[in-house]
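Undergrad: Sequence and predicted structure below; questions after.
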Amino acid sequence: MPNVRIDDPPTMNVLGLFLAAALRRGGAPFPRGALTVDADGMQATVRFESDGATVTRAPTEGATTVRAGLPLLVRAIGARSLLALLRVRVRGSRLFALRALRCLYP
Amino acid sequence: MRERLEGIFGRVSTDAGGAGGDRTENAPKTPAYVVEATRAEQVGELLRLANEVRVPVTPRVTGLNIGGLAIPSEGGILLDLRRLDKIEIDPDNMVAWIEPGVTWQQLKVASAAHGLALGYPLAPPETSVLACALMDGLSTQALSHGSFGDWVHGVIAYLADGTRVVTGSAAVSGRPLSRGPLPDLTGMFLNWFGSSGVVVRLGLMLLPLRPHRCREVIACADVESGIRLMRAGARTGLFDDLAGLGWPAPKWALGLDRLGPRDPGEPELYVMADYGANDRRELRHKRGVLRSLAPVEPIPVADLVALAPDLAPFAELPARFSFLLDHEGQGLSWVGTYGPLERLEEGVRKGIALMEAQGRPPLVVTRPMKGGHYAVLRFIERFDRRDPVETEGVRSLNVALGRMLLDLGYVPYKCPAILYEELFARMDPGFRDLMTRLKRAVDPNGILNPDRWGFSGS
């Protein structure tokens, strides 16, 4: 199981917990960098590091940001819907966003 | 006494183990004897004996009612009913006779074999259907079919003197097809918590198993938008259940133990929509209506589970919700009430404020019931039973929650003893007097679970 840490667990929002659960299940190898997910005002960032990943609510400079409401995000990842994935808005590197989202796929 | 009990049951124990208490803030008690029934007739024999020697009897199955209702009387007899577990299904009339030990999982499997189904509570699969029904619990069919008391078509019970009584249509035909058209004496055993008799068989209605089912969640930004959805959805008559679950539930389920304050951007109420259909067209129609009412796009629970497998218990009931039952402190309590739909927002907000004032994650469960004629409003606390200060805090919180809810017109179900004073102060005196008179009529020596409804003090 990949090493996934949650930064300050009691204050982590449900989005960050979803991301951590999906990462722990293990899929594609982790890229290096940071991905911020913004789901209708609820934000969490995954920092991919050499020994795993950290999920945090702290703003992370230089992170690629994907914007998608929770339903769209779940459909894109949980239901593997390509149509939903195409509706996810990305600010930053699209390639990195795709590689990072792949790590969340079941 | 012991010899006479052995004559009925063969084996008698004096060690209740954990069965002397439960998970709530209520103190455990020590029964003098613990007996286990393997035949229904033993219950009648036991009650005749207990009535003769005037020793209290408390029936128990799994003891997970979370109201302290199966805690035995000090020095009394604890009657374990788990091994009475027969099921008889009448598939043509969609009813079942079940014994106390029949579990949700057993009845689900047995019903499905006949193309039938029922609704399920949040209780674990190994708990008793009969106990839940007698205590008016609720289920994933609560919006369409009301609380489980409404599902009961009759009972077979033993009174304090050992008399066997059959109620409902079964009193004449032997078949539990309806509560009427006779005087409704089934009610003598609903919500009495074993203080009017011990039910050994219960006639329960079942429902057709729909070939298509859908379970979706709507992550509502706030309580108000979630309640608006539930209220509007109830009026459509299309959904089996629209249940609101407070924000702490998925976070506990996803593995957090200690919860801080909610992130302001985080959903406050998750509405779980449950609906069935006979074909895909009907299912699509219901999906469409739900989407037209929901403040945000509904999410199929199966997709959520694919993302986060820890949420699997939410996908199909009955299931064990480990975050409620298997946490370190083991304590679990609640105040649950039935009351007016139009005061839900106020009740939820006030309840959340009371819980947060004590630093507790405000786990609320609410849903419209029986087509939207009333609503359930329940506040659940996880706590550490080993900590007397925390346990006392839960007790005082429950009293405050109960008082607030009673003031808003909500009536406690599975009413815990700590709320009797508040309840009786508001209760019609004629109703209270009639309860007492009926109790005396069926149990003149006060041996039947006498600590319930304040009878031991009346």
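TA: Cool, got the structure.
Undergrad: any idea how far B:A353 is from the most centrally placed residue in chain B?
TA: The structure's chain B has its C-alpha centroid closest to B:G137; by C-alpha atoms, centre = their mean the separation is 3.1 Å. Distance of B:G137 to B:A353, computed by C-beta to C-beta, to the nearest Å: 27 Å. Heads up, the C-betas are built off the backbone N, CA and C, glycines and all.
Undergrad: what about the helix or strand containing B:A171, distance to the chain center?
TA: Assigned by DSSP states H and E, B:A171 belongs to helix B:170-173. Its chain's C-alpha centre and that of helix B:170-173 lie 27 Å apart, by C-alpha atoms, centre = their mean, to the nearest Å.
Undergrad: So which bits of chain A are right by chain B?
TA: Residues of chain A lying close to chain B by C-beta under 8 Å from any C-beta of the partner chain are A:9-15, A:17-18, A:20-22, A:25, A:40-43, A:57, A:69-72, A:74-75, A:77-79, A:104, A:106.
Undergrad: Mind jotting down where the helices sit in chain A?
TA: Here chain A has its helices, by DSSP state H, at A:14-25, A:70-77, A:82-87, A:94-102.
Undergrad: Figure out which of those helices is closest to B:P429.
TA: helix A:14-25 (48.1 Å; C-beta to C-beta).
Undergrad: Let me see the mean pLDDT of that closest one.
TA: Throughout helix A:14-25, pLDDT has a mean value of 95.
Undergrad: List of residues touching that helix?
TA: When contacts are defined by C-beta atoms under 8 Å, 6 or more residues apart in numbering or on different chains, helix A:14-25 is touched by residues A:1-2, A:4, A:6, A:12, A:30, A:37, A:39, A:42-44, A:46, A:53, A:55-57, A:70, A:74, A:77, A:103-106, B:247, B:250-251, B:254-256, B:263, B:266-267, B:304, B:307-310.
Undergrad: That helix vs helix A:70-77, what angle?
TA: Per axes from the mean of the first three to the mean of the last three C-alpha atoms, to 10 degrees, the angle that helix A:14-25 makes with helix A:70-77 is 10 degrees.
Undergrad: Just want the angle from helix A:14-25 to helix A:94-102.
TA: Going by the same axes, to 10 degrees, helix A:14-25 is angled at 80 degrees with respect to helix A:94-102.
Undergrad: export helix A:14-25 as CSV, just CAs?
TA: What follows is helix A:14-25 as a C-alpha-only set of coordinates in CSV (Å, rounded to 0.1, in the frame of the first residue of the first chain):
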residue,chain,number,x,y,z
VAL,A,14,-14.0,15.0,3.2
LEU,A,15,-12.4,15.8,-0.2
GLY,A,16,-8.9,15.2,1.2
LEU,A,17,-10.1,12.0,2.8
PHE,A,18,-11.5,10.8,-0.5
LEU,A,19,-8.2,11.6,-2.2
ALA,A,20,-6.2,9.8,0.5
ALA,A,21,-8.4,6.7,0.3
ALA,A,22,-8.1,6.6,-3.5
LEU,A,23,-4.3,7.0,-3.4
ARG,A,24,-3.9,4.3,-0.7
ARG,A,25,-5.8,1.8,-2.8
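Undergrad: Quick one: buried ones out of the contacts of helix A:14-25?
TA: With neighbours counted by 16 or more other C-beta atoms under 10 Å in any protein chain shown, the contacts of helix A:14-25 contain buried members at A:4, A:6, A:12, A:30, A:37, A:39, A:42-44, A:46, A:53, A:55-57, A:70, A:74, A:77, A:103-104, B:247, B:250-251, B:254-256, B:263, B:266-267, B:304, B:307-308, B:310.
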